[in-house]
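Student: how would this look folded up:
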Amino acid sequence: KEGRKICALEEEIVEFRRLSDLNIAANLECTQLRHERDNAMLQVDEFRGQNDLVRLQIEEAKKECNQLRHELDNAMQQVNEFRGQNDLVRLQIEEAKKECNQLRHERDNAVRQIDALLNQNTVGRIQIEEAKMECSQLKHERDNAVRQVDELWDRNSQFILEFRFTCLEQATEHFKDLCKIGDTEYGCVYKGIINNTTVAIKLSKSESLFQQEVSVLRQGGRHANIVTFVGMCSEVSALVYEWLPKGNLEDRILCADDTPPLSWHIRTQIIGEVCCALLFLHSHKPNASVHGDLRPCNILIGADYRSKLYNFGMSTLFLQPGSCPPNLTARLPYTDPEFLTIGDLTPLSDVYSLGVVILRLLTGMPPLAIAKKVREAFQSDNLHLLIDKSAGDWPYTQAKQLALLGLRCVEMTREKRPHLTEVWTVVEALVRKPPAPSCPAHFICPILQEIMNDPQMASDGFTYEAEAIRRWLDGGSNRSPMTNLALPNRVLIPNRALRSSIQEYLQASVAKAVRSLNLNH
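Tutor: Residues are numbered from 1 along each chain as shown. Okay, the predicted model is just below:
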């Protein structure tokens, strides 16, 4: 029994040990599992953190993706806009090509017209050369005739060349109406040719007019700005004068017969020449005289735009007490107010008339009340509005000086007017300009008498400043400013070759002036 008990105990001990070992092993395994569980939990926590980070990254990626989608949409919109613009550019290119083809066509037409004009110009130049040769011959003959007259005049101031009536008839084709160029209170004027020289022949309306004019011419002297007296014909009370082809100043101010307007420096030159001629009349010894009827119609213009006085000393015939001068309406604006009340002509009477002429040349306005209008414009600082724009870009300082001078000359009382010597002092300073550098004549616009900036060839074969010829055509004239013949058309062609030559000339002139300044320094 004890043995069985011992065996049973040993078996229990062995079982206990086995169970203890199993328990230890289980505890070890449990500890191991707990450790693994803890590690797993740590990994789960790590995975959860990583998962949150991934979620954040996914959110950021979604936002970035949305931003990229928005930018992509904008880019696509811009692409569509560029495609539209590209289509528009293609259309514009097509239109430009069409316009270019049109311009090529117009250029070809212009080239053909230029060729035609050049052919016409060649023929015209030949004719011009022939005319120049003939003109030179006529000028030579005229100069000889004038020289002979001057010599005769110098030998005997009382001598006057006497023409026969048959000579005057032959000169005027028996006083043909086509030769008649004017009819004034002094007489009828005809254009004639004597000894191959063009002259003006005036048939006086009365014997008294004829004798008075002959008397004045006998006493007067010769001056560059007084119309040259050639001779007379006592048979028909006719006087023969030199011919001035540009007519009288009145017609030039009004641009009669579609003639071009006078430029501002030609107008200034005319004022100076008239003043110079009046000084000669007032101071000529021993027979000083007053013109007495100074008006633009009694100022004649030569081919070179030089002016000469005409019909001087004749007004005394119309100044008898109780007489009414002919053409009083035209004379009145130029007449000295004191003469109308006193009846006495003095050199200051001519100064008054000169003042009106100055204001007319400055403004181009009619003479009636011209002084009042200019004075009001001057006082309101609006003088620039009255200056004649057709004269070109008149220097305002010079225009202002002339306006002041003209207003002083037309004072109502003589004691307030300047003497002619004082007038000449002012005018001489305006006329006397520094000499302009000589340049080829074909660089000068025939209308403005200035170097051209934009030369344009008209259908008459001549080249003009663009603004001047357009103003000429826009004024309604369809005739050539040079030949007075009808223009074939109104087409203007840029003369680029001439423009290039002018620019080269001006650049060379500037360079020369700069070199001169550097040398002086």
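Student: just the helices in the stretch 401-521 of the chain please.
Tutor: Taking DSSP state H, counting those that start in this stretch as the criterion, the stretch 401-521 of the chain carries its helices at 420-431, 466-474, 496-520.
Student: what helices or strands is the first one leaning on?
Tutor: It refers to helix 420-431. helix 264-283, helix 347-363, helix 396-409 (3 or more CB pairs under 8 Å, 6 or more residues apart in numbering; DSSP states H and E). (Glycine included, C-beta is placed from N, CA and C.)
Student: mind listing what's buried along it?
Tutor: The neighbour-count check on helix 420-431 (16 or more other CB atoms under 10 Å) flags Leu420, Val423, Trp424, Val426, Val427, Leu430, Val431 as buried.
Student: nearest to Ser206, of these?
Tutor: Set against Ser206, the nearest of the buried residues of helix 420-431 by CB to CB is Leu420 (31.3 Å).
Student: from Ala371, how far off is the closest one?
Tutor: As for Leu420, its distance to Ala371 is 18 Å (criterion: CB to CB, to the nearest Å).
Student: in stretch 496-515, what's buried?
Tutor: For stretch 496-515, burial by neighbour count (16+ other CB under 10 Å) applies to Leu498, Arg499, Ile502.
Student: re earlier: for Gln170, state which of the buried residues of helix 420-431 is nearest.
Tutor: For the buried residues of helix 420-431, the nearest to Gln170 is Val431 (41.4 Å; CB to CB).
Student: OK, contacts around the closest one?
Tutor: Neighbour list for Val431: Thr268, Gln269, Ile271, Gly272 [criterion: CB atoms under 8 Å, 6 or more residues apart in numbering].
Student: tally of neighbours for the second one?
Tutor: Meaning Gln269. Using other CB atoms under 10 Å, Gln269 has 19 neighbouring residues.
Student: with distance to Ala131 as extra columns, can I get the helices of the stretch 401-521 of the chain in a markdown table?
Tutor: A markdown table is the format used below for the helices of the stretch 401-521 of the chain (distance: least, CB to CB, whole Å):
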| stretch | distance to Ala131 |
| --- | --- |
| helix 420-431 | 32 |
| helix 466-474 | 22 |
| helix 496-520 | 22 |
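Student: out of those, which gets nearest to Asp393?
Tutor: Among the helices of the stretch 401-521 of the chain, helix 466-474 sits nearest to Asp393 (CB to CB), with 10.3 Å.
Student: other SSEs contacting the closest one?
Tutor: Here helix 466-474 touches strand 455-457, going by 3+ CB pairs under 8 Å, 6+ apart.
Student: change it to 6 Å
Tutor: Using 3 or more CB pairs under 6 Å, 6 or more residues apart in numbering; DSSP states H and E as the contact test, no helix or strand touches helix 466-474.
Student: please shift the residue numbers so they start at 47 in all later answers.
Tutor: Renumbered: residue one is now 47, and that last one reads helix 512-520.
Student: check the offset of it from the chain's centre.
Tutor: Averaging C-alpha positions (CA atoms, centre = their mean, to the nearest Å) puts helix 512-520 10 Å from its chain's average.
Student: need the CA coordinates for that helix. PDB is fine.
Tutor: Taking Å, rounded to 0.1, in the frame of the first residue of the first chain, the C-alpha atoms of helix 512-520 are listed here in PDB:
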ATOM      1  CA  ALA A 512       2.400 118.600-101.500                       C
ATOM      2  CA  GLU A 513       0.500 121.000 -99.200                       C
ATOM      3  CA  ALA A 514       0.700 123.900-101.600                       C
ATOM      4  CA  ILE A 515      -0.500 122.000-104.700                       C
ATOM      5  CA  ARG A 516      -3.300 120.300-102.800                       C
ATOM      6  CA  ARG A 517      -4.500 123.700-101.500                       C
ATOM      7  CA  TRP A 518      -4.300 124.900-105.100                       C
ATOM      8  CA  LEU A 519      -6.400 122.000-106.300                       C
ATOM      9  CA  ASP A 520      -8.800 122.100-103.400                       C
END
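Student: what is the mean pLDDT for that helix?
Tutor: Mean pLDDT, helix 512-520: 86.
Student: in that helix, which residues are buried?
Tutor: Burial within helix 512-520, assessed by neighbour count using 16+ other CB under 10 Å, is assigned to Ala512, Glu513, Ala514, Ile515, Arg517, Trp518, Leu519.
Student: the fourth one and Leu163: what is the separation?
Tutor: Okay, so that is Ile515. For Ile515 relative to Leu163 (CB to CB), the value is 14 Å.
Student: same deal with the first one?
Tutor: The gap separating Ala512 from Leu163 is 17 Å, by CB to CB.
Student: for Ala323, which non-adjacent residue is closest in space?
Tutor: Once flanking residues are discounted, Ala323 sits nearest to Asn271: 3.8 Å by CB to CB, 6 or more residues apart in numbering.
Student: quick one, what contacts Asn428?
Tutor: For Asn428, no contacting residues are found, by CB atoms under 6 Å, 6 or more residues apart in numbering.
Student: what's it sitting at in phi/psi?
Tutor: With angles defined as degrees, to the nearest 10, Asn428 sits at phi -120, psi 30.
Student: and the helix or strand hosting Thr212, which residues are buried?
Tutor: Taking DSSP states H and E as the definition, Thr212 sits inside helix 211-217. For helix 211-217, burial by neighbour count (16+ other CB under 10 Å) applies to Cys213, Leu214, Ala217.
Student: per-residue confidence for the last one?
Tutor: Which is Ala217. For Ala217, pLDDT reads 91.
Student: isn't it up against Gly238?
Tutor: Yes: between Ala217 and Gly238 a contact is recorded at 3.2 Å, counting by CB atoms under 6 Å.
Student: turn the buried residues of helix 211-217 into TSV, including distance to Trp310.
Tutor: Output for the buried residues of helix 211-217, formatted as TSV (distance: CB to CB, whole Å):
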residue	distance to Trp310
Cys213	42
Leu214	40
Ala217	38
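Student: which one among these gets closest to Glu281?
Tutor: Checking the buried residues of helix 211-217 against Glu281 by CB to CB gives Leu214 as the nearest, at 8.7 Å.
Student: which residue, other than its chain neighbours, is closest to Asn524?
Tutor: Among residues not flanking Asn524 along the chain, Leu533 sits closest, at 5.6 Å (CB to CB, 6+ apart).
Student: residues in contact with the one you found?
Tutor: Here Leu533 is in contact with Ser505, Asp506, Asn524, Ser526 (criterion: CB under 6 Å, 6+ apart).
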